[in-house]
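Novice: Sequence first, then the predicted structure, then my questions.
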Amino acid sequence: MTDGLGWGILGTGHIAGVFADDLRESGLRLAAVGSRRHNAAAAFADRHGVPTAHGSYEDLVADAEVDVVYVASPHPFHAEHAELALRAGKHVLVEKPFTLNGDEAERVTALAAERGLVVLEAMWTRWLPHMVRLREILESGLLGEVRTVIADHAQRLPQDPGHRLQDPALGGGALLDLGVYPVSFAWSVLGEPETVLAHAAFTETGVDRQTAIVLGYADGRQALLQAALDTKGSTRASVVGTDGYVEIDGAFYAPTGFTVYDSSGSVVEVFEQRVERGYRFQALELERLVREGVESEVLPPSESVAIMRLLDRIRERIGLRYPSERGR
């Protein structure tokens, strides 16, 4: 273990466990876990080597050994739990989607700024080795003028009507669970779009099972994105420029490799996967931000807010609203 920040895990689901294991195996300091039920927290602590288990989120954020809270609760509670931690003086890493909508994202980032604390969206993809190298390639101009981003995130996930993914009240559906990855990826390459087109098909429970998105830019650039939760796709992505293109292997959002081609189709570079599990990179980024007193240049809070507002626009196009948003 290092003498770095103490991490508190808020939530005991699958992603919280994977994150906790990666932190522990990377030598980062796990301090505590919190759940609404003490037995769930205690079982999680036993499985993942966490020293302290709390039977409430309030006790977790009050723990003096906790410096940073990783929020891994269901989507509709991200804002509430991030604010709980921030008000307790803790830095926060918030699982994606950052919040349920743009208004909540604005509220969370404003509170963090007011308290002088770091808030970071857990879009782990941004800090993975292949994405770091991709940014270097884009900055070098090797691809010429980038014209198109294409990204697929289609998986065959649980179809049980009672599952969280099928529940509108829990922010279920393809867009927020899966589509957030290609949308965030397109933003990282092309920036904020001018126009948004989208089409979706829905489950009987009222969430989008499949959503296709076209983002347009004033200079003619485009992003072609799709997400689905009931069909397995390639989960690959491409960045196409006037002088070459990059093909990112599936799953593009996880540790993987890519190939760079010139405009004739000849291979210029092959990047091979270098890590098996990459959740630690976002944690290391947050610790750096705290240590240096800066905000992330890779994913600043303002960009997380803007991406949530873009997801709001996509939901408007497909007619998707969540029960908690009625009256907004």
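Specialist: Noted; the coordinates are in hand.
Novice: Near the closest residue to residue 258 other than its chain neighbours, how many other residues are there?
Specialist: Take residue 258 and drop its neighbours on the chain: the residue closest to it by C-beta to C-beta, 6 or more residues apart in numbering is residue 248, 4.3 Å away. C-beta here means a position set from N, CA and C on the backbone, and glycine is covered the same way. Using other C-beta atoms under 10 Å, residue 248 has 23 other residues around it.
Novice: Bridged to residue 248, which residues?
Specialist: residue 237, residue 258 (DSSP bridges).
Novice: Give me the distance from the helix ranked longest in the chain to the chain's centre.
Specialist: Secondary structure of the chain per DSSP state H: the longest helix is helix 301-318. Mean C-alpha position of helix 301-318 versus that of the full chain (C-alpha atoms, centre = their mean, to the nearest Å) differs by 13 Å.
Novice: Tell me the secondary structure at residue 138.
Specialist: Secondary structure state of residue 138, per DSSP: H, G, I helix; E, B strand; the rest coil, is helix.
Novice: For residue 101, give me its contacts.
Specialist: Residues in contact with residue 101 (C-beta atoms under 8 Å, 6 or more residues apart in numbering) are 308, 311, 312, 325, 328.
Novice: wait, residue 54
Specialist: By C-beta under 8 Å, 6+ apart, residue 54 lies in contact with 32, 33, 34, 35, 38, 41, 60, 63.
Novice: Could you identify the buried members of these?
Specialist: Neighbour counting by 16 or more other C-beta atoms under 10 Å classes 32, 33, 34, 35, 41, 60, 63 among those as buried.
Novice: May I see the residues you listed organised as CSV, with secondary structure added?
Specialist: Shown next, in CSV, are these (three-state DSSP):
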residue, secondary structure
32, strand
33, strand
34, strand
35, coil
41, helix
60, helix
63, coil
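Novice: roughly how far apart are residue 244 and residue 140?
Specialist: Separation of residue 244 from residue 140 (C-beta to C-beta, to the nearest Å): 11 Å.
Novice: of those two, who's got more company?
Specialist: Just comparing residue 244 and residue 140: by other C-beta under 10 Å the higher neighbour count belongs to residue 244, 21 against 8.
Novice: and that one, what pLDDT?
Specialist: pLDDT recorded at residue 244 is 98.
Novice: That one pairs with what?
Specialist: residue 262.
Novice: wait, doesn't it sit right on residue 261?
Specialist: Yes - using C-beta atoms under 8 Å, residue 244 is in contact with residue 261, at 5.6 Å.
Novice: joint contacts of those two?
Specialist: Common contacts of residue 244 and residue 261 (C-beta under 8 Å, 6+ apart): residue 268.
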